[in-house]
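Novice: Provided below for reference: sequence and predicted model.
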Amino acid sequence: MQSENHNYTMSTTKTIQSALISVFSKDGLEPIVRKLHEQNVTLYSTGGTEDFIKNLGIPVVPVEDITSFPEIFGGRVKTLHPKIFGGILNRQDNESDVQQMKEFDIPQIDLVIVDLYPFEKTVASGASEQDIIEKIDIGGISLIRAGAKNFKDTVIVASVNEYSLLLDLITEQNGATTLENRRLFATKAFHVSSHYDGAIFNYFNTDETIYKESIANGQILRYGENPHQKGFFFGDFDAMFKKVHGKELSYNNLLDVDAAVNLINEFKTDGPTFAILKHNNACGLASRKTISEAYLAALACDPTSAFGGVLIANTKIDLATAQEINKLFCEVVIAPSYDDDAIEVLQEKKNRIILVQNEVELPSRQVRTCLNGLLIQDRNNITDNKEHLKTVTITEPTAQEIEDLIFASKICKNTKSNTIVFAKNGTLISSGTGQTSRVDALVQAVDKAKAFGFDLTGASMASDAFFPFPDCVELAKKVGITAVIQPGGSIKDELSINYCNENNVAMVFTGTRHFKH
């Protein structure tokens, strides 16, 4: 086969005259193939893609006609040949490359379209290791790297996600591409190849001291935590939520939504529960027989902080609840579902963000920047329950107190440390959050309860960590607390236990600390 006649000039604008197409997904491929044929582009292909093009009634040259070598090993080796990669990697402004193209009868390949085997989807499907291994693309990833490396002369389309971009470009520019166009496609191609290799590595890797993460989906936010900071979100937000209404979520909105989701997950199997959050902490939370009652009880915890907050329910929001919510200025409302008339009411505020929460498993690890690197830890998946409780005092908690202790502990786990939480009858009374000492957190919680007129008599108290001294239980008893839940583990636990025994306060240990920083 004679190499095709090309204009090897220094021009940065090049017209596509030949294309190699070897893809897994054929979705959206037909209009591209038809447009290339209309523009008199020579098409080369392999296997299923070759059959697809033939079935469109469009001429296609099998790769075997170039290489004089058939596919082998059940299709594992198709395009890995010097005549293919030479056609992609040759430098059209290099006289030596031009001469070698003629010498070895290598056809020029101006455009490469590849869509890789779906490795990640195969892993996620629970397929056998043999099936997973077979979905590690070799020829495709090699074509991508070759085309991207030689972007000065070659257009590389590395994913079905870029098909529409290519079609628009060759349609608008009549098959021509600029250096800027080709560099953009190369950048996208290297993103595809690095993400693909990262997924393969993570499948095989068992060394927890090596960390690689690649998130394909990203979006630019209006700004970061403050207006002078740039902000971005990387993740599949649409998998977690259906956005029904409202403005774009901000960086701070997303942080609050994350905190809200983590908190309400603690009450996933409980009765109707409603939470209100501000700056990542709960300022109201209650469980009741109906979601409307739960919302009103949560709002009563701290109606001041609720202004501009994020609201979340563990069950459907009905019309009655929506009508009450509509009286409050809030940034975001989240629920697993809504009645249609509830949506209509909530949409009356044009900027209010309304989200339907989908059932999606959250990442098993949490990642944050630290110094010049990252801190990574397992998600805190322990939720205190009755089986975890060890009564360490003579006085045992009542059935209602046990319910309130568990309730308070769930909130405590999701509140910034140091924290103390007061609860009574399935309601958050108040909390002290993010204090430098546990005593300060307790005093803050007491002051807040008094400010909103709550009686702490008979209330239960939760602490995210142990009491190093008995001062916290002493202060708690003075304001009416009758039951306490804490991890235990201080060398001076007996001091707190003895005080509780002397003052008829029930105390249980869980054995699990719940710091949150």
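Specialist: Done, it's in. Numbering: from 1, shown residues only.

Novice: going forward, measure contacts between C-alpha atoms and count neighbours the same way
Specialist: Will do.

Novice: Q92 falls within a helix, correct?
Specialist: No - under DSSP: H, G, I helix; E, B strand; the rest coil, Q92 sits outside any helix and is assigned coil.

Novice: And stretch 476-494, what's buried?
Specialist: Of all the residues in stretch 476-494, those buried under the rule 16 or more other C-alpha atoms under 10 Å are 476-477, 481-489, 493-494.

Novice: Just these: which are in helices?
Specialist: Among the buried residues of stretch 476-494, the members falling in helices (DSSP state H) are A476, K477, D493, E494.

Novice: In CSV, list these along with pLDDT.
Specialist: What follows is these, written out as CSV (pLDDT from 0 to 100):
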residue, pLDDT
A476, 98
K477, 97
D493, 97
E494, 97
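
Novice: Output the helix or strand of the chain with the lowest mean pLDDT as PDB, restricted to C-alpha atoms.
Specialist: Lowest on mean pLDDT, DSSP states H and E among the helices and strands of the chain sits helix 63-67, with a mean of 89. What follows is helix 63-67, C-alpha atoms only, in PDB (Å, rounded to 0.1, in the frame of the first residue of the first chain):
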ATOM      1  CA  VAL A  63      -6.100  -2.600   9.800                       C
ATOM      2  CA  GLU A  64      -4.900  -6.100   8.600                       C
ATOM      3  CA  ASP A  65      -4.600  -4.600   5.100                       C
ATOM      4  CA  ILE A  66      -2.000  -2.100   6.500                       C
ATOM      5  CA  THR A  67      -0.100  -4.500   8.700                       C
END
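
Novice: Who are the packing partners of it?
Specialist: When contacts are defined as 3 or more C-alpha pairs under 8 Å, 6 or more residues apart in numbering; DSSP states H and E, helix 63-67 packs onto helix 82-89.

Novice: Send me the helix or strand just after the helix it packs on as PDB with only the CA atoms.
Specialist: Next in sequence after helix 82-89, counting helices and strands by DSSP states H and E, comes helix 95-103. The C-alpha trace of helix 95-103 is given here as PDB (Å, rounded to 0.1, in the frame of the first residue of the first chain):
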ATOM      1  CA  GLU A  95      12.300  15.200   6.700                       C
ATOM      2  CA  SER A  96      13.700  12.000   8.100                       C
ATOM      3  CA  ASP A  97      10.300  10.900   9.300                       C
ATOM      4  CA  VAL A  98       8.800  11.800   5.900                       C
ATOM      5  CA  GLN A  99      11.400   9.700   4.100                       C
ATOM      6  CA  GLN A 100      10.800   6.700   6.400                       C
ATOM      7  CA  MET A 101       7.100   6.900   5.900                       C
ATOM      8  CA  LYS A 102       7.800   6.500   2.200                       C
ATOM      9  CA  GLU A 103      10.400   3.800   2.700                       C
END
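
Novice: any idea which helix or strand comes after helix 95-103?
Specialist: That would be, after helix 95-103 and using DSSP H and E, strand 111-115.

Novice: same for that next one, what does it pack against?
Specialist: Helices and strands touching strand 111-115, as assessed by 3+ C-alpha pairs under 8 Å, 6+ apart, comprise strand 18-23, helix 139-149, strand 155-157.

Novice: most neighbours per residue, which of those?
Specialist: strand 155-157 (a mean of 31; mean count of other C-alpha atoms under 10 Å).

Novice: Can you give the distance from that one to the centre of its chain?
Specialist: Relative to its chain's centre, strand 155-157 lies at 29 Å (C-alpha atoms, centre = their mean, to the nearest Å).

Novice: Begin at 42 from now on, thanks
Specialist: Okay, residue one is now 42; in that scheme the one you just asked about reads as strand 196-198.

Novice: what lines up beside it in the sheet?
Specialist: strand 152-156 (parallel) (DSSP bridges).

Novice: is it true that N545 lies in a strand?
Specialist: No - secondary structure of N545 (three-state DSSP): coil, not part of a strand.

Novice: ok, it to Y244 distance?
Specialist: 55 Å (C-alpha to C-alpha, to the nearest Å).

Novice: picking up where we left off before, closest one to A187 out of the buried residues of stretch 517-535, please.
Specialist: Distance to A187 across these (C-alpha to C-alpha) is lowest for P528, with 57.6 Å.

Novice: Next up, the contacts around the closest one.
Specialist: S504, D505, A506, F507, F550, T551, G552, T553, R554 (C-alpha atoms under 8 Å, 6 or more residues apart in numbering).

Novice: Taking those residues together, which two end up most distant?
Specialist: Among the contacts of P528, S504 and G552 lie farthest apart (C-alpha to C-alpha), at 12.0 Å.

Novice: Between the two, which contacts overlap?
Specialist: In contact with both S504 and G552: Q527, P528, using C-alpha under 8 Å, 6+ apart.

Novice: so where's the stretch 242-391 of the chain uncertain?
Specialist: Applying pLDDT under 70 to the stretch 242-391 of the chain flags no residue at all.

Novice: my bad, the stretch 92-241 of the chain
Specialist: Applying pLDDT under 70 to the stretch 92-241 of the chain picks out residues 116.

Novice: With distance to E161 added, can I get the helices and strands packed on strand 152-156 in CSV?
Specialist: Formatted as CSV, the helices and strands packed on strand 152-156 follow (distance: least, C-alpha to C-alpha, whole Å):
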stretch, distance to E161
strand 59-64, 16
helix 180-190, 15
strand 196-198, 19
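
Novice: Between those, which one is closest to F114.
Specialist: helix 180-190 (12.8 Å).

Novice: what helices or strands is the closest one leaning on?
Specialist: Helix 180-190 packs on helix 123-130, strand 152-156, strand 196-198, helix 220-245, going by 3+ C-alpha pairs under 8 Å, 6+ apart.
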